[in-house]
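> okay, here's the prediction I keep looking at, along with the sequence it came from:
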Amino acid sequence: MQIAYIIPAFPSQTHVFFWRERQALEKLGVKAAFISTRRPPKKLVSHSWSQQAIEETTYLFPPRLSSMPGTLLELLKAGPCGWWRAASAVARADGCSLKQKTLLLPLVWLGASVVRLARKRGWTHIHAHSCADSANIALFAHLLSGLPYSLTLHGPLEHYGPNQRQKWSNAKFAVVITERLLREVREKVKEHLPSVVSVAPMGVDLEAFKRKKQYVPYTGRGPIRIFSCGRLHPGKGHADLLRAVHSVLSHGLKVKVAIAGEGKTRKELEALVKEYKLEASVTFLGAVSEERVAQELEAAHVFCLASHAEPLGVAIMEAMAMSVPVIVTNAGGVPSLVEHNVHGLLVEPRDSNGVAQAILHLSQSPGKCMSLGCAGKVRIKEKFSSLISARCICQNVRATEHDANDECESEGQVR
């Protein structure tokens with residue numbers, strides 16, 4: 001079975017999950033190709049597999065001249081019925097201004113391009129790993145040709161723009177990463193949900209995040225080593241972590257913090273480092289590979305991510321998989337991953353003092369560090385493997401194809 005993933009700006013610094021899930025799908029007998037709206041900025045391309053991914057990915061924008069005749073042919077094949085369905089979808093797009101509806105029109109062309117690729121390469125299903133414009137493109141491909149598609153929701157629905165009702169109502173199935181998001185999407189999309197909506201978390205490749213040496217907690221010698229990983233965005237709470245580090249230093253504890261990630265707030269964070277005189281304590285690593293993340297976790301005493309609202313948190317899972325005790329915020333979907341005082345320590349978002357107190361507590365509690373790390377590893381192994389979401393997608397795609405074949409047989413048609 002061959003399907004395609006459509007992912008915006010792939011492969012970027014936070015996209016390792018998609019690569020892992022694709023590998024897990026292949027173990028289940030499903031080949032998944034990559035389609036992306038555009039290439040990511042070079043500074044965000046950081047993984048060891050990124051170049052291979054770029055070579056294997058088909059980018060829809062900017063369109064190639066050589067592909068235009070085939071795309072135009074697919075538009076013509078759609079005929080008046082397909083044109084009407086696409087045009088009606090643009091006109092009915094919920095939550096869209098006139099300008100936003102106009103901007104949907106080029107996505108109809110990209111939808112036809114996806115149909116061309118699917119026909120040429122034998123894809124039987126499209127999975128949109130985003131509920132923004134990637135989902136619109138999959139929607140138009142479906143309306144033009146009947147090509148089935150599905151969705152994964154990775155965060156709050158408000159982050160993915162308008163036209164959600166049509167994106168969801170035309171999908172064969174959908175996956176959301178937490179029960180919290182499932183409740184939200186049921187409340188907002190209501191009767192427009194597809195008949196099958198599954199909960200399957202993002203996951204970790206346990207082989208990639210396996211310790212080479214046993215975890216050793218902070219013993220009081222030298223600085224406590226803290227690792228944080230997340231794009232440099234206000235919502236990731238890196239500024240709160242820096243304020244916490246400043247507070248911890250004032251208590252006489254030496255600290256070394258490494259922050260992996262790149263983004264638009266780097267200059268502001270660097271300015272904050274200078275303001276608090278943290279140059280000797282804080283290092284910005286930029287966008288790094290998963291191998292480098294594993295190396296940093298191997299060396300860390302504590303992992304800390306002070307997100308204001310993390311949907312779930314793959315970086316947190318990676319730390320837990322390597323038995324590193326985590327300090328994270330009680331926001332978004334994180335409580336479904338980390339139970340306070342069992343798998344890690346939870347603090348309130350935007351509470352830099354709470355983060356500082358948690359760091360100080362773990363610096364004085366090696367036994368606690370060991371128990372949190374061990375429980376965290378077990379939690380990831382049991383509930384957050386990459387195979388879980390891959391199995392969910394595989395089973396639902398197979399069920400979709402089975403239903404389609406049954407429909408074709410009942411009509412005396414060969415699909």
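All right, it came through fine.
> count of residues packed around residue 43?
11 (other Cβ atoms under 10 Å). Backbone N, C-alpha and C define where each C-beta goes, glycine included.
> quick one, phi/psi of the closest residue to it other than its chain neighbours?
Closest residue to residue 43 in three dimensions, ignoring its sequence neighbours and counting by Cβ to Cβ, 6 or more residues apart in numbering: residue 262, at 5.7 Å. Torsion angles at residue 262 (phi, psi; degrees, to the nearest 10) stand at phi -130, psi 160.
> same question for the one 5 residues further on.
Per-residue torsions, residue 267: phi -60, psi -40 (degrees, to the nearest 10).
> so residue 202 sits right up against residue 318, yeah?
No - here residue 202 does not reach residue 318: they are 10.8 Å apart, not a contact under Cβ atoms under 8 Å.
> how about the helices in the stretch 151-300 of the chain?
164-169, 179-189, 238-250, 266-275, 290-299 (DSSP state H, counting those that start in this stretch).
> which SS state does residue 308 fall under?
coil (DSSP: H, G, I helix; E, B strand; the rest coil).
> mind listing what it touches?
234-237, 329, 331, 349-350 (Cβ atoms under 8 Å, 6 or more residues apart in numbering).
> can you pull the phi/psi pair for it?
The phi/psi pair for residue 308 (degrees, to the nearest 10) reads phi -80, psi -30.
> how close does it get to residue 334?
To residue 334, residue 308 is 11 Å away according to Cβ to Cβ, to the nearest Å.
> what pLDDT does the closest residue to residue 1 other than its chain neighbours get?
Spatial nearest neighbour of residue 1, chain neighbours left out: residue 30 (5.0 Å); criterion: Cβ to Cβ, 6+ apart. On pLDDT, residue 30 comes in at 94.
> check residue 410 too.
pLDDT, residue 410: 38.
> return the helix or strand in this protein with minimum mean pLDDT.
Scoring the helices and strands of the chain by mean pLDDT, DSSP states H and E places helix 386-410 at the bottom, with a mean of 77.
> what helix or strand is residue 372 on?
helix 366-383 (DSSP states H and E).
> can you check residue 328 too?
Counting by DSSP H and E, the element that carries residue 328 is strand 326-329.
> give the other helices and strands that that strand contacts.
In terms of contacts (3 or more Cβ pairs under 8 Å, 6 or more residues apart in numbering; DSSP states H and E), strand 326-329 is packed against strand 302-305, helix 314-321, strand 345-347, helix 352-363.
> what does it contact?
Here strand 326-329 has contacts from 237, 302-308, 310, 313, 316, 319-320, 334, 338, 343-349, 351, 355, 358-359, 362, 372, 376, using Cβ under 8 Å, 6+ apart.
> can I get the buried part of those as one PyMOL selection?
Of the contacts of strand 326-329, the buried ones go into a single PyMOL selection, burial set by 16 or more other Cβ atoms under 10 Å:
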select buried, resi 237+302+303+304+305+306+307+310+313+316+319+320+334+338+343+344+345+346+347+349+351+355+358+359+362+372+376
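> how far is stretch 82-100 from where the chain is centred?
In this view, stretch 82-100 has its centroid 28 Å away from the chain centroid, taken as Cα atoms, centre = their mean, to the nearest Å.
> and that stretch, end to end?
End-to-end distance of stretch 82-100: 21 Å, with Cα to Cα, to the nearest Å as the criterion.
> so which residues make contact with it?
Taking Cβ under 8 Å, 6+ apart as the rule, stretch 82-100 contacts 75, 78, 101, 104-105, 108, 111, 139-140, 143-145, 161-166.
> helix/strand/coil for residue 127?
Going by three-state DSSP: residue 127 is strand.
> same question, residue 13
Applying three-state DSSP: residue 13 is coil.
> how close does it get to residue 41?
10 Å.
> what about these two, which has more around it?
Neighbour totals were compared for residue 13 and residue 41, and residue 13 leads with 25 against 12 (other Cβ under 10 Å).
> my guess is the more buried one meets residue 229, correct?
No - Residue 13 is beyond contact range of residue 229, at 9.5 Å (criterion: Cβ under 8 Å).
> which neighbours do these two have in common?
residue 261.
> centre of the chain to stretch 380-396, how far?
14 Å.
> the residue nearest to residue 43 contacts residue 231, correct?
Yes - here residue 262 reaches residue 231: they are 6.5 Å apart, a contact under Cβ under 8 Å.
> any shared contact partners between the two?
With Cβ under 8 Å, 6+ apart as the test, residue 262 and residue 231 both reach residue 13.
> related to what we said a few turns ago, could the helices of the stretch 151-300 of the chain go into a markdown table alongside mean pLDDT and mean neighbour count?
Converted to a markdown table, the helices of the stretch 151-300 of the chain look like this (pLDDT from 0 to 100; neighbours: other Cβ atoms under 10 Å):
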| stretch | mean pLDDT | mean neighbour count |
| --- | --- | --- |
| helix 164-169 | 97 | 21 |
| helix 179-189 | 94 | 16 |
| helix 238-250 | 98 | 22 |
| helix 266-275 | 97 | 14 |
| helix 290-299 | 96 | 18 |
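> where in the stretch 51-200 of the chain is pLDDT low?
In the prediction, the stretch 51-200 of the chain carries no residues with pLDDT under 70.
> ok, now with 90
Counting by pLDDT under 90, the low-confidence segments of the stretch 51-200 of the chain come to 63-64.
> and the strands in the stretch 101-250 of the chain, which stretches?
126-128, 149-153, 173-176, 197-199, 224-229 (DSSP state E, counting those that start in this stretch).
> out of those, deepest packed?
strand 126-128 (a mean of 29; mean count of other Cβ atoms under 10 Å).
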